Every structure is written in C-alpha cells, then in structure tokens.
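Peer 1: here you go, sequence then predicted model.
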Amino acid sequence: MDPVTLFSIIKGGIVLGALYALMATGLSLVWTTLGIFNFAHGAFIALGAYVAWQFSATDAFGWPLALGIIATSLVMFAIGAFLHLTLVKPFERRSDVVLITVITTLAGSAILENLLLVIWGPRSKQIPKMAEGEVAIGGFHLALSEIILLVLVLAILVGVGAFLRYSRPGRAMRAVSQNREAAQLLGLNVPMYFALVLGLSAVTAGLAGVFIGTIRFMNPAMGSEPLMKALIVVIFGGVARFSSPIYAAFIIGLLEAFSIYFVGLYWAPAVLFFTMIVVLLIKPEGLFGKYQRTL
C-alpha cells in the first residue's frame, strides 16, 4: 500500500469517526439519563439535514450555511424536547416504560420519516459544501470542507462536554443520570432535565445529519444506517464516561475505512458487527466501560 492510499484511508476513517462520535454522543446521553434507547435518533439525523437544507439551499431560503446550522440547532432542540413530552413523559411512571418507549420512539421515527417525504418529496437533495478547494501538504491532499467538518465536530463535542461538566444544568443532568430518586429528593425538576437531554440529543443528531448532507445526497430514510453505526459505537465503547463513545467512534471509523478498502463495502458492516461481538464477549461493559458487580 502506497503512502497516499494509506493517508486517504486514515483520513476517511477519521471523518467517519467524527460523524459517528457526534451521532453516538446524543444516543448515549439519552441511554444513560433516561435509561431508554431512542429509535427516533436516526430520524433526527435525517430531519436535521432537511431543515438545514431548507435554510441554506439556494432554491430554498438561501441563508448562509453558518446561520442555517444555528437555526437548525434551535429547531432540533425544540423538536427533541417536544418529542420527550409526547413520546416519553406520559409513560415515565410505568413499570414497562422501556418497552413502551421502544414502541413510541419507533412510531415517532416512522412519523418523522413520512413527514420528510410529504414535505420535501422523495428526490435526493444535498446541502451546499462548507468550503471549496483543498490543502496540499507534500503529496497529500485534504479538502477544506473535511478540515472544517473535523474542527466543527471537535468544537461541538468539547462544547457539549464542557456544558455537562461545568454548567449548572449540565451537572444537574449528570446527577439525574446517576440517581434519579436522589435528584428528585434534592428538588431537581427531573422531567425538565429529561426534556433537556432529549433536546440536546436531537441537536447533536441533527448536526451530524447536516454534515452528512454536505458530503452526500440526502433522502428521508438516510438516518437508518447512521443509527445502526451509532448503536455499534455505543455498545462497542460503553457509556461509563462522556468520552467513551467518542474514542470508540474513531476506532470504528478507522476500522470501517480499512474494511472497505480490504474486503469491500458489502462486507464492511459484517466486520464491524464481528468486532463488536468479540469485544462484548471479552468486556460486556464495552471497551471503555467500567465493570460493576451485580447481585
């Protein structure tokens, strides 16, 4: 393998890892705080892409992409909080809340995908690139859009991590995820923080959809495959810390890039699932998870 090919594979894996990290972060936040798996997460990814297209495409509102990303973040937060109020909150006190929210979030995902189809139609669309041109370093080439994508994803992940670690609402969200009953006894409005978590999860998923939409064509069902990859990342890395799925995302991204090169696009998902199964057999809590004794 020549150095240029190796660089291209590693570059592609890092870009994939950045996108997977953004997807998996929101998914793990809901998983650790609410104790449920949000099947509407994939629809959030597609919805974020289409909302950003509506704001920034030349044949739509035609706003600058940066302004469209900010507006998309606000819209996605509102939608995430609203879906918590309609799909999760009514069933929080039920003993079978996990099973019920699987059904409700699946239904919400189907509704959102069909709304995308009704509002924007079945034709593929693409968000304008963040930048044109490329940077050449020796014989290696990096697209400016990829550099901006990596910088933005890193800034978003650092911002979310700082929010959770240092802000009062972030610390309250962490307290709720660690012990819901104790947080209620301390006077925290737990349902409000649940809505905040789902809103934040929708923002990260929607932004991942925006970035995906700048590098490939969009369709209403575009969130299905990213949802599967985000699930693999979360299971593979564990959710012991905020950074666990981020580390796992870059490992999965690089593994997928090398798998596509060596075994082809068709067999790459099988390699990812096989790797995840092997890790779970060795460390059921995930590669970066913490072992906990249970009765």
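Peer 2: It's in.
Peer 1: do you have the strands of the stretch 51-200 of the chain handy? List them.
Peer 2: Using DSSP state E, counting those that start in this stretch, the strands of the stretch 51-200 of the chain run over residues 134-137, 140-143.
Peer 1: what's in contact with the last one?
Peer 2: Judged by C-beta atoms under 8 Å, 6 or more residues apart in numbering, the contacts made with strand 140-143 from elsewhere in the structure are P3, V4, F7, K11, G133, E134, V135, A136. To be clear about C-beta, it is placed using only N, CA and C from the backbone, and glycine gets the same treatment.
Peer 1: okay, now the unreliable bits of the protein?
Peer 2: For the chain, the stretches flagged by pLDDT under 70 are 289-295.
Peer 1: got phi/psi on the residue of it most remote from its centre?
Peer 2: Ranked by distance from the centre of the chain (C-alpha atoms, centre = their mean), the top residue is G138, with 33.7 Å. Main-chain torsions, G138, degrees, to the nearest 10: phi 70, psi -130.
Peer 1: let's number from 7 now, not from 1
Peer 2: With the count now opening at 7, the last piece we talked about shows up as G144.
Peer 1: ok so, going back, deepest-packed of the strands of the stretch 57-206 of the chain, please.
Peer 2: strand 146-149 (a mean of 15; mean count of other C-beta atoms under 10 Å).
Peer 1: tabulate the CA atom coordinates of that strand in CSV.
Peer 2: C-alpha atoms of strand 146-149 as CSV (Å, rounded to 0.1, in the frame of the first residue of the first chain):
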residue,chain,number,x,y,z
PHE,A,146,-1.2,14.5,0.5
HIS,A,147,-4.4,16.4,-0.1
LEU,A,148,-7.1,17.5,2.4
ALA,A,149,-10.4,19.0,1.3
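Peer 1: closest to A227 out of the strands of the stretch 57-206 of the chain?
Peer 2: strand 146-149 (26.5 Å; C-beta to C-beta).
Peer 1: so what strands line up beside that closest one?
Peer 2: Using DSSP bridges, strand 146-149 pairs in its sheet with strand 140-143 (antiparallel).
Peer 1: chain center to the partner strand: distance?
Peer 2: In terms of C-alpha atoms, centre = their mean, to the nearest Å, the gap separating the centre of strand 140-143 from the centre of its chain is 29 Å.
Peer 1: could you do stretch 27-45 as well?
Peer 2: On C-alpha atoms, centre = their mean, the centre of stretch 27-45 falls 8 Å from that of its chain.
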